[in-house]
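> 3D model of this:
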Amino acid sequence: MTPGEVVIHRIDLAAERPDHLAPDEQERAARFHQEIDRRRWTNARSALREILAAELGIVPAGVPLEVTNFEKPILAAPCDFLHFNLAHCEDIMLLALCIDGPVGIDIEPLERAAGLSGCEETFCHPQEIAALPEGEEARNERLLEIWTAKEALLKAAGCGLLHPPEAVWIDGEGTRPGWRSDPPLAGIDGWELRALDDVPLAGHRAFVCTPPGSRLRFAGAHS
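The predicted model follows:
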């Protein structure tokens, strides 16, 4: 990994993989009631450790993972120069890596779009609501884009939905929409939103929030 780039990994959580969980992670996995949830979480954390270990030049078990007060996994010193964020939807996980600053990523299924209808005021800025398309399908798709972009943005800020999403305005559409927030989002001023249209994500929408001027590099799919 080099300065100025954000690396995107796509991981198949349905594939078999070695278990690299630490003891506390094994305890957490055991608390899942459903086997499919246990498998997905175990594979997600094991894949995360594998990829981070490859970047850091250490073994997966030695990756020093911590969790913030917002339940966001991060790397402890001296490995905290490597920033990462992950998102998963059923058997797909996306992982973004960066050494230039915080990064955020989110993925949502297209089938969720219809469920956002009628919830606009809970997460949309008034100017976003005013600009929504007239047709129901187009309106719902736009709502999903807004939600996914905001999730990526707020994850990069490290605060998640504790920052009111309706205070954020996704300004424009397309693959690189602008954004504003009042109050400001500390630590990510000037960060950019990017739609992940180059990753095989049939039936999903995904966005990543990156430091200014970053170039994306897609690492491919991991079974």
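
> who are the packing partners of the lowest-mean-pLDDT helix or strand in the chain?
Sorted by mean pLDDT, DSSP states H and E, the helices and strands of the chain end with strand 215-222, the least confident at a mean of 84. The contact analysis (3 or more CB pairs under 8 Å, 6 or more residues apart in numbering; DSSP states H and E) places strand 215-222 against strand 5-12, helix 35-56. C-beta coordinates here come from the backbone N, C-alpha and C atoms, glycine included.

> hey, which of these is tucked in deepest?
strand 5-12 (a mean of 21; mean count of other CB atoms under 10 Å).

> just the helices in the chain please.
Using DSSP state H, the helices found in the chain span residues 23-30, 35-56, 120-123, 126-130, 136-157.

> of those, which is nearest residue 83?
Of all these, it is helix 136-157 that lies closest to residue 83, at 8.9 Å by CB to CB.

> distance between the closest one and the chain's centre?
12 Å (CA atoms, centre = their mean, to the nearest Å).

> only the buried residues of it, if you could.
By neighbour count with 16 or more other CB atoms under 10 Å, helix 136-157 contains the buried residues 139-157.

> and stretch 57-65, by the same measure?
60, 63, 65.

> residue 135: how many residues sit nearby?
If you count neighbours by other CB atoms under 10 Å, residue 135 ends up with 10.

> tell me the contacts of it?
Listed by CB atoms under 8 Å, 6 or more residues apart in numbering, residue 135 has no contact partners.

> list phi and psi for it.
Taking degrees, to the nearest 10, you get phi -60, psi 140 for the backbone angles of residue 135.

> gap between it and residue 125?
21 Å (CB to CB, to the nearest Å).

> re earlier: which single one of the buried residues of stretch 57-65 is nearest to residue 82?
residue 63 (9.9 Å).

> right, and the helices and strands packed on strand 215-222 - which one's nearest residue 163?
Among the helices and strands packed on strand 215-222, strand 5-12 sits nearest to residue 163 (CB to CB), with 21.7 Å.

> by contact count, what packs against that closest one?
helix 35-56, strand 92-98, strand 204-210, strand 215-222.

> that one to strand 204-210, inter-axis angle?
Per axes from the mean of the first three to the mean of the last three CA atoms, to 10 degrees, the angle that strand 5-12 makes with strand 204-210 is 150 degrees.
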